[in-house]
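A.B. asks: Let me see the structure of the following:
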Amino acid sequence: MSNVVPVDEFVTDEWYPGFKPEYGYTPWSVEPFRTFRKEDEERFWFLDFHWPRGLTPMGLIWNEDGYSWGTQLAAEALPLPPGRGITQRIAGTHTYASSIDVTDEWEIGHRHELMQRNLPRFLENFDDIWAERRNEVEAWWQHLKGFDLRSQSLRGLGDYLVKARRFHRRSFEIHFEIMYPLLANYVGFYGACVDMGIDPNEIAKFLQGYDTKIMETDRALWDLTRQARQSGLDSVFLQHDATQLRGALAERGGPADEWLSSFDDFLEVYGYRTEGSCDIALPSWIEDPTPALGMVKTFLQKDDNHDFDAALQETIAERDAAIDSARAKLTSEEQEVFDAGLASCTAANFPWWQDDHNYYIDLRVSLPMRWACLQISEAVGADRPDDTIYLFWPELMQVVNGEKSYNSFRSLVEDRRQYFDYWAERRASMPKVLGTVPDAVTDPILIEIFGLNDHFLRAVQATGSTEDVKSLTGVAASKGSARGIARVLTNADELHRVQPGEILVCESTSPNWTPAFAKIAACVCDGGGTLSHAAIVGREYGVPTVTAVGLATLAIQDGDEIEVDGTNGTVTVYRRAANAAEPVEVST
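C.D. replies: Model (predicted):
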């Protein structure tokens, strides 16, 4: 790959068939979200892993309200010294993102001074600030969740949709208002540790071992698994596909009825989450419980239950040993600096918050808008329940306000469905990056979360075919090694089918992937830094994990036998799926 990856194929002024927005259509603080132009080739763009299917027209609201407005507003408010947030472009239906860099040295210094003045107040009051913001999100959620949408008129549904979008936008203002200060504090501590000679791969371990709402969900799933095993329901689960399980259990009766009652109680608490972040197109577990049922099915295939308490104690022991080892190599003066930085990062713990906030924000705040769209589809007699998510915001507003008939959009909706499906098929071959590939990235979110570090940049600039690649290198995100069959997934749709002991290979993981870590042997990601979801959860579950490999999903084929060394950050292909009977000679 050359240093410049052309954007020509994706240059257009049309967002989807039949939609060319006017200037000022989307909200932004610094730079708007839009389609590619040729001059964008001068910048660096990375393919965002959060939406591997692509985004529908209504789904693109995330890029407007969250990615553009939310990141830019928060980066300016802190302010973040090297960047003014993130901007995006779409290629087909897929999102590419880029940091808005601050390049003037004086301005960087000035912003740093302002941040140093603002950051301590945030850190000292983090618990109260996050509790207050979380309560604000929860209040909105409970209010919108309590509506009876079936009793609303079309105009009433439009009013609800407007309110649901305000909730959506406010949630992501809060999201990045919290994220940037936490991350800036961690990056400062990280830099101090590196300056004192501490191994960079050890630093993230200092903050592991703290429980989250996502882990709470996983424990509840395992409680259901134990209950199913104790009730003798193993055979029902193992004999039926996940899509058929609810019906099969209902027919079984007796203990199965009791289990389904417990399962419904579980869904009422934990079921308002989607199989992907911030995507209006995805149903929650309440609408389609297949992922949760499928996860219990594969958990039952393990010989024993996952021991969360033992895993937590091991994680805490690893944390304490890493801290003791680091301190032992420091002078007394350095220890004071280390202890102060660690205390600050522990009190305002980014890895903990990263998973905790996902329960309250990323996995559910798109649902009220989704519910409104589904009900509007029914009210206007759309052909399919989710047809209205293929309309853009102003188009849907015209429908609910009676300015245009839905029938005038019916054929356009079908064209857009086909467009979405076409680009979903293209995902696997989409360039990982576009534009001018830099020697280094400065935005801390892009480095620590998305993994746009030296490992990733070197990988995506490599030339030649990936078919003969037998050895890959990335970030040593979670220690240990494992050898097994690779299961290469482009999204979480089939995650519940991953078998115990297999190795998950993907672009990166989101919070909805977490339950799988209780059954996989290891994880390999194209992207992701030491603070990415895969890295954090890999450490908490004790699953060997290598991130920022760059081209893992291209170089590793589904069914290959591979070994993952999470201690040294390497991945080795031992046997190709196409030649299962023949071991390959490994190049090093």
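
A.B. asks: Just want the phi and psi numbers for the nearest residue to residue 534 once chain neighbours are set aside.
C.D. replies: Nearest in space to residue 534, with sequence neighbours left out and distances taken as C-beta to C-beta, 6 or more residues apart in numbering, is residue 509 at 4.3 Å. Every C-beta, even on glycine, is put in place using the N, C-alpha and C of the backbone. Backbone torsions of residue 509, given as degrees, to the nearest 10, read phi -110, psi 160.

A.B. asks: Count the residues that sit near residue 509.
C.D. replies: Neighbour count for residue 509, taken as other C-beta atoms under 10 Å: 28.

A.B. asks: quick one: it and residue 274, what's the gap?
C.D. replies: Separation of residue 509 from residue 274 (C-beta to C-beta, to the nearest Å): 14 Å.

A.B. asks: How far off centre is the helix or strand in which residue 571 is found?
C.D. replies: Assigning secondary structure by DSSP states H and E places residue 571 in strand 570-575. Centroid separation for strand 570-575 versus its chain: 26 Å, with C-alpha atoms, centre = their mean, to the nearest Å.

A.B. asks: who does that strand pair up with?
C.D. replies: The strands beside strand 570-575 in its sheet (DSSP bridges) come out as strand 471-473 (antiparallel), strand 561-565 (antiparallel).

A.B. asks: Out of those strands, which gets nearest to residue 369?
C.D. replies: Across these, residue 369 has its closest neighbour in strand 561-565 (38.3 Å, C-beta to C-beta).

A.B. asks: what about the nearest residue to residue 9 once chain neighbours are set aside, how many residues close to it?
C.D. replies: Take residue 9 and drop its neighbours on the chain: the residue closest to it by C-beta to C-beta, 6+ apart is residue 91, 7.6 Å away. Using other C-beta under 10 Å, residue 91 has 22 neighbouring residues.

A.B. asks: Residue 91 is in contact with residue 430, isn't it?
C.D. replies: Yes - in this structure, residue 91 is within contact of residue 430 by C-beta atoms under 8 Å, at 7.0 Å.

A.B. asks: I figured residue 59 was touching residue 274, is that so?
C.D. replies: No - using C-beta under 8 Å, residue 59 makes no contact with residue 274, being 11.3 Å away.

A.B. asks: Just the terminal-to-terminal distance for stretch 387-399.
C.D. replies: Across stretch 387-399, the terminal residues are separated by 13 Å (C-alpha to C-alpha, to the nearest Å).

A.B. asks: quick one: buried residues of it?
C.D. replies: 387-393, 395-396, 398-399 (16 or more other C-beta atoms under 10 Å).

A.B. asks: And stretch 436-456, by the same measure?
C.D. replies: Along stretch 436-456, these residues count as buried under the neighbour rule (16+ other C-beta under 10 Å): 437, 441-453, 455-456.

A.B. asks: Among those residues, find me the one that's closest to residue 206.
C.D. replies: Closest approach between those and residue 206, by C-beta to C-beta: residue 448, at 14.0 Å.

A.B. asks: I'd assumed residue 533 was in contact with the closest one.
C.D. replies: No - with contacts defined as C-beta under 8 Å, residue 448 does not count as touching residue 533, sitting 11.6 Å away.

A.B. asks: Need the three-state assignment for residue 319.
C.D. replies: Counting by DSSP: H, G, I helix; E, B strand; the rest coil, the backbone at residue 319 sits in helix.

A.B. asks: from what I can see it touches residue 206, true?
C.D. replies: Yes - applying C-beta under 8 Å as the test, residue 319 and residue 206 come out as touching, 6.4 Å apart.

A.B. asks: Neighbour count: the two, which is higher?
C.D. replies: The neighbour comparison of residue 319 against residue 206 (other C-beta under 10 Å) goes to residue 206, with 24 against 19.

A.B. asks: quick one: contacts for residue 214?
C.D. replies: Under the criterion of C-beta atoms under 8 Å, 6 or more residues apart in numbering, the neighbours of residue 214 are 355-356, 358-359, 511, 514, 537.

A.B. asks: which outside residues touch the strand holding residue 571?
C.D. replies: Contacts with strand 570-575, where a contact means C-beta under 8 Å, 6+ apart, come from 469-474, 483, 524, 546, 549, 552, 555-556, 560-565, 582-584, 586.

A.B. asks: all strands of the stretch 151-300 of the chain, in order?
C.D. replies: Assigned strands in the stretch 151-300 of the chain: none (criterion: DSSP state E, counting those that start in this stretch).

A.B. asks: Would you state the helices of it in chain order?
C.D. replies: Using DSSP state H, counting those that start in this stretch, the helices of the stretch 151-300 of the chain run over 154-195, 200-203, 213-230, 234-239, 245-252, 255-270, 290-299.

A.B. asks: Tabulate those (TSV), appending distance to residue 411 and mean pLDDT.
C.D. replies: As requested, the helices of the stretch 151-300 of the chain are exported to TSV (distance: least, C-beta to C-beta, whole Å; pLDDT from 0 to 100):
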stretch	distance to residue 411	mean pLDDT
helix 154-195	21	96
helix 200-203	55	88
helix 213-230	41	93
helix 234-239	43	94
helix 245-252	36	96
helix 255-270	37	97
helix 290-299	31	93
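
A.B. asks: closest to residue 406 out of these?
C.D. replies: Between residue 406 and the helices of the stretch 151-300 of the chain, the shortest separation by C-beta to C-beta is 9.6 Å, and it involves helix 154-195.

A.B. asks: remind me which residues of the protein are low pLDDT?
C.D. replies: Scanning the chain for pLDDT under 70 picks out the ranges 1-2, 24, 443-445, 462-468, 579-588.

A.B. asks: Okay, domains of it per the record?
C.D. replies: As assigned by automatic domain parsing, the chain contains the domains 4-180+374-429, 466-579.

A.B. asks: Take the buried residues of stretch 387-399 and keep only those in helices.
C.D. replies: Judged by DSSP state H, helices contain the following of the buried residues of stretch 387-399: 393, 395-396, 398-399.

A.B. asks: now those as a markdown table including distance to residue 188?
C.D. replies: Shown next, in a markdown table, are these (distance: C-beta to C-beta, whole Å):
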| residue | distance to residue 188 |
| --- | --- |
| 393 | 39 |
| 395 | 46 |
| 396 | 44 |
| 398 | 49 |
| 399 | 49 |
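
A.B. asks: returning to that earlier point: as TSV, the strands paired with strand 570-575 with distance to residue 119 and mean neighbour count would be great.
C.D. replies: Output for the strands paired with strand 570-575, formatted as TSV (distance: least, C-beta to C-beta, whole Å; neighbours: other C-beta atoms under 10 Å):
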stretch	distance to residue 119	mean neighbour count
strand 471-473	34	18
strand 561-565	37	22
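
A.B. asks: To residue 216, which of the ones you listed lies closest?
C.D. replies: Per C-beta to C-beta, nearest to residue 216 of these: strand 561-565, 27.2 Å.

A.B. asks: export the closest one as CSV, just CAs?
C.D. replies: Provided in CSV are the C-alpha atoms of strand 561-565 (Å, rounded to 0.1, in the frame of the first residue of the first chain):
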residue,chain,number,x,y,z
GLU,A,561,-5.6,-23.0,13.0
ILE,A,562,-3.7,-20.1,14.7
GLU,A,563,-1.8,-19.3,17.9
VAL,A,564,-2.2,-16.0,19.7
ASP,A,565,0.5,-14.8,22.0
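
A.B. asks: just how off-centre is it within its chain?
C.D. replies: How far strand 561-565 lies from its chain's middle: 24 Å, per C-alpha atoms, centre = their mean.

A.B. asks: Give me the contact list for that strand.
C.D. replies: Strand 561-565 has contacts (C-beta under 8 Å, 6+ apart) with 476, 481-486, 503, 505, 521-524, 544-546, 556, 570-575, 580.
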